[in-house]
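Q: Fold the following, please.
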Amino acid sequence: MHRSRIEPVWKEAGVDHRKAARPSKKPKAVKVCVACGRAFTWRKKWERCWEQVRYCSDRCRSLRRPG
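A: Residues are numbered from 1 along each chain as shown. Take a look at the predicted model:
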């Protein structure tokens, strides 16, 4: 016995569900580490203090030069 396949609603409407479900991504802000010169991007944990972030990692922050 052959069963007919039921098509999802989004296919009937002609909508591509893969594109409709994903929001467009904005480019993230980029800064350059003061200690090593490496470029690093914005992270959620820096959301409130992004203006004060100067180092890409804890290691670079601990290696900073005094003065």
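Q: Phe40: which element?
A: Secondary-structure element containing Phe40, defined by DSSP states H and E: strand 39-41.
Q: for Lys31, same thing?
A: Here Lys31 is covered by strand 30-32, with elements defined by DSSP H and E.
Q: before we move on, back to that, need the contact partners of the helix or strand just after the strand holding Phe40.
A: Helices and strands here follow DSSP H and E; after strand 39-41, the next one along the chain is helix 58-62. Helix 58-62 is contacted by residues 33-36, 54-55 when judged by CB atoms under 8 Å, 6 or more residues apart in numbering. To be clear about C-beta, it is placed using only N, CA and C from the backbone, and glycine gets the same treatment.
Q: Closest one to Arg43 out of those, please.
A: Minimum separation from Arg43 among the contacts of helix 58-62 (CB to CB) is found for Tyr55, which lies at 12.5 Å.
Q: distance of the closest one from Arg64?
A: Taking CB to CB, to the nearest Å as the measure, Tyr55 falls 7 Å from Arg64.
Q: Need the overlap of contacts for the two.
A: Overlap between the contact sets of Tyr55 and Arg64, as judged by CB under 8 Å, 6+ apart, is given by 34-35.
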